[in-house]
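Asks: From the sequence below, what's the structure:
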Amino acid sequence: MSGPKSGWIIVAGGSAIVSLVIAWRSHQEQQRKVRAAQSLDMQRERDVSRAAASVSALLHEIEAQCKQIHHEHATAYAAEDLRTWEQQIEGVRTDFARLMDKLDQARQQFQATSESTQQTGQYDGGFFDSIDFGILRHRLSTLQDEGIRIISTINVRQEAERLNQELTEQRRQAAESQIALLEFQGALQVLASLPHTVFAPGSYASLEQRATRIIAEIERGAFQDAIILAHTLQQEGIRQTDAVRASFAKWQQHHDQAAEAMRITRENLISADQTLLEHYAPKQYAEIQQQIEALEHSFEAIQSPTHDLTLYETLIAQSVVIRETIVQLQTTAVEDDAKAKQRREVVREVVRALEGMNFNVGVRLADKNDPFSDFLVAAGRPSGQEWSLRVDYEQHIHMETEDGTHGADCVKDVKDLQQRLEGVGVHLNMTDWGRANPNRPKPGNGAEKDKEEKKNYLSPGVNP
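Replies: A predicted model of the protein is given here:
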């Protein structure tokens, strides 16, 4: 050969260029991870802020209930219960203020860290992970139910007082039956505030229908029968309410666990080395992304309370499998990348050895879209010697040349190359052309055709 073929990059100073490329890619990957971590913290801040707003709104509703009771001068009808209730509200208000202070501090830390990240390139997130308004929301929900009960109690006692002032013995019994009816209706209102249609279908309608019997007994003057029936139905309503609350709490637990599983799975994917996965396992990486999106869509479709808790259990189990797959893909990609780096070192040693023997050298990847394909090395001298070498993914080297073309000089050069490579711990496996490339024409099919096949096999490429 008179020189390198058109388009080939002659290996000279390749290590410095590769080092720069690797450093640049490492910097880009670090920046991506920093942006991903900041994005997670911003999303967490939005979620926490929405939760804080929800708790604040619920707290204001309960405080309005309390003010209404005081405004109507009804505190005496449930003084002890009201005092305990107000103390609990004050406790929640204090805890809410403490959490809001913690949220403000976290926002300041996030802002300061984000600004310093622009200079240092380093980012340690997780400022909002320890802030949880869920417990406060649960406490307020309980206090809201207690407020409904207290107001119902006050209404009942106010009505009882009014009736007791007017009634004779007969009217007193009638009043007691009315009180019993009101107490039953209060229990029914609590049940109505819960998702009874899901966890106790038909229970509310049944109790409401049976309430007409209480009214009928009162209208015909059977006050004692009305009282007994009202108390019986009231206890039934309380049992139904407790059952619905228990079922709803169980559903809420499964729902929250599934939501947490979705969040962790998405974070695991973001935390993985996207560059390595897209390079060494693009198909599997794309499939994992599709599976996570499908999982999130499935979760969005079951946001309402349901008896079928297996839907959430299935999502949680699937998310665990996906996370394990991400870990396995990441581990395999790291191993593949290490092996690829080792192979590039082998190719560099081959190039150095050939250049040391005064060969002009060109290198390319057999398939630029397949990082596992062979590295192809073409070497030539002005004297006419042309060699072809192939380095597979397992770092095995195969050399291909035409038997008898250069006689003893060729054999001598091959041994020289083998010795040079053995000196740096690289083994060269010498084969004939036919075994190395089964698609090459057999000897005797024409020198021009043979030359063209070799040209196609070693078209110009890039330095590894």
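Asks: the helices in the stretch 301-450 of the chain, which residues?
Replies: With helices called from DSSP state H, counting those that start in this stretch, the stretch 301-450 of the chain shows them at 310-356, 407-423, 433-436, 447-457.
Asks: likewise the stretch 151-300 of the chain?
Replies: In the stretch 151-300 of the chain, the segments counted as helices under DSSP H, counting those that start in this stretch are 169-192, 196-199, 203-219, 223-271, 274-280, 282-300.
Asks: Show me how far stretch 414-422 is from its chain's centre.
Replies: The chain centroid and the centroid of stretch 414-422 are separated by 52 Å under CA atoms, centre = their mean, to the nearest Å.
Asks: in whichever strand or helix holds residue 138, what's buried?
Replies: For residue 138, the element it lies in under DSSP states H and E is helix 134-166. For helix 134-166, the neighbour count (16 or more other CB atoms under 10 Å) marks 136-137, 139-140, 143-144, 146-147, 149-157, 160, 163 as buried. Every C-beta, even on glycine, is put in place using the N, C-alpha and C of the backbone.
Asks: can you check stretch 355-367 too?
Replies: Buried-residue list, stretch 355-367, by 16+ other CB under 10 Å: 357, 359, 360, 361, 362, 363, 364, 365.
Asks: Repeat that for stretch 213-226.
Replies: So, applying 16+ other CB under 10 Å, buried residues of stretch 213-226: 214, 217, 218, 223, 225, 226.
Asks: Please tell me how far residue 66 sits from residue 186.
Replies: For residue 66, the distance to residue 186 (CB to CB, to the nearest Å) stands at 18 Å.
Asks: Residue 257 too?
Replies: 34 Å.
Asks: ditto for residue 20
Replies: From residue 20 across to residue 186, the span is 77 Å (CB to CB).
Asks: Pick out whichever of those two has more residues nearby.
Replies: Set residue 20 next to residue 186 and count neighbours by other CB atoms under 10 Å: residue 186 wins out with 18 against 10.
Asks: What's the separation between that one and residue 144?
Replies: As judged by CB to CB, residue 186 and residue 144 stand 15 Å apart.
Asks: do residue 334 as well
Replies: Distance from residue 334 to residue 144, by CB to CB: 52 Å.
Asks: and what of residue 391?
Replies: According to CB to CB, residue 391 and residue 144 sit 72 Å apart.
Asks: shaky segments in the stretch 151-300 of the chain?
Replies: Counting by pLDDT under 70, the stretch 151-300 of the chain shows low-confidence ranges at 163-168.
Asks: Which strand or helix spans residue 87?
Replies: Using DSSP H and E, residue 87 sits in helix 79-120.
Asks: How about the contacts made by the residue nearest in space to the middle of the chain?
Replies: Nearest residue to the geometric centre of the chain (CA atoms, centre = their mean): residue 266, 1.4 Å. Residues in contact with residue 266 (CB atoms under 8 Å, 6 or more residues apart in numbering) are 292, 296.
Asks: Throw the buried residues of stretch 213-226 into CSV and include distance to residue 417, thanks.
Replies: Formatted as CSV, these follow (distance: CB to CB, whole Å):
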residue, distance to residue 417
214, 104
217, 110
218, 110
223, 113
225, 111
226, 109
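Asks: Looking at those, which one is closest to residue 414?
Replies: residue 214 (107.1 Å; CB to CB).
Asks: OK, contacts around that closest one?
Replies: By CB under 8 Å, 6+ apart, residue 214 lies in contact with 177, 180, 181, 184, 226, 229, 230, 233.
Asks: which residues does the third one contact?
Replies: By CB under 8 Å, 6+ apart, the contact set of residue 181 is 211, 214, 215, 218, 226, 230.
Asks: go on, the fourth one?
Replies: When contacts are counted by CB under 8 Å, 6+ apart, residue 184 is found next to 211, 214, 230, 231, 233, 234, 237.
Asks: What remains of those residues if I keep only buried residues?
Replies: For these, buried by 16+ other CB under 10 Å: 211, 214, 230, 233, 234, 237.
Asks: which non-adjacent residue is nearest the third one?
Replies: This points to residue 230. Nearest non-adjacent residue to residue 230, counting by CB to CB, 6 or more residues apart in numbering: residue 180, 3.5 Å away.
Asks: correct me, but that neighbour touches residue 234?
Replies: Yes: Residue 180 is within contact range of residue 234, at 7.4 Å (criterion: CB atoms under 8 Å).
Asks: and of the helices of the stretch 151-300 of the chain, who's closest to residue 399?
Replies: When these are compared by CB to CB, helix 274-280 sits nearest residue 399, at 27.5 Å.
Asks: Show me what the closest one is packed against.
Replies: Where contact means 3 or more CB pairs under 8 Å, 6 or more residues apart in numbering; DSSP states H and E, helix 274-280 is packed against helix 14-71, helix 282-300, helix 310-356.
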